[in-house]
Each structure stands twice: as structure tokens, then as C-alpha cells.
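>>> Okay, here's the prediction I keep looking at, along with the sequence it came from:
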Amino acid sequence: MAGSQDMFDAIVMADERFHGEGYQEGYEEGNSLGIIEGRQYGTLHGAKIGSEQKDEGLRIIDWNDSEVPLR
């Protein structure tokens, strides 16, 4: 009798097992994609900030240039 109970338990509990496995696979995939997306965003945002800093640096150089008239 105990052997038949185990067989039915496996069938009844399959939903929970598949839910847990699916959650784990989804979590791992989402984590991996999140890291990739974060790197892409960081690269893009970093390039934007670098470009802004370069422009500000050029303005400071122009201001300090004695040959450039200030009007």
C-alpha cells in the first residue's frame, strides 16, 4: 500500500515541483539578462556623461585661452 501512495504523491506534487523548477529557471535567465541589460545601459550612460564632460572641458579651455576674445 505504501508503494502506491508514493506513486500518487509524485503525480499530485508534480505541479509544485514544476512550479519550483520553472521559477528557478526563470530567475536564472532573468538574472543573466539583467546583468547584460545593466552593462548596456551603463555603457550608454557613461558615454553620454563622458561626452558632456568633454564639452565642458573644451569650454573651460576656450575661456582660459587669451587669444579668444570674450566680447
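Yep, that arrived.
>>> So for Glu29, what pLDDT did the model give?
Predicted confidence (pLDDT) for Glu29: 92.
>>> Glu67 too?
pLDDT, Glu67: 61.
>>> cool, the one 4 residues further on as well?
At Arg71 the predicted local confidence, pLDDT, stands at 54.
>>> With Gln53 instead?
pLDDT, Gln53: 78.
>>> In which helix or strand does it reside?
Using DSSP states H and E, Gln53 sits in helix 14-64.
>>> How far does that helix sit from its chain's centre?
5 Å (CA atoms, centre = their mean, to the nearest Å).
>>> go on, stretch 10-25?
For stretch 10-25, the distance to the chain centre is 27 Å (CA atoms, centre = their mean).
>>> C-alpha coordinates for it, CSV please?
Extracted in CSV, the C-alpha atoms of stretch 10-25 (Å, rounded to 0.1, in the frame of the first residue of the first chain):
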residue,chain,number,x,y,z
ALA,A,10,4.6,12.1,-7.2
ILE,A,11,1.7,12.8,-9.5
VAL,A,12,-0.1,15.2,-7.1
MET,A,13,3.1,17.0,-6.2
ALA,A,14,4.2,17.4,-9.8
ASP,A,15,2.6,20.8,-10.1
GLU,A,16,4.6,22.1,-7.2
ARG,A,17,7.8,20.6,-8.5
PHE,A,18,7.3,22.0,-12.0
HIS,A,19,6.4,25.4,-10.5
GLY,A,20,9.6,25.4,-8.4
GLU,A,21,11.8,24.3,-11.3
GLY,A,22,10.2,26.9,-13.7
TYR,A,23,10.7,29.6,-11.1
GLN,A,24,14.4,28.7,-10.7
GLU,A,25,15.0,28.6,-14.5
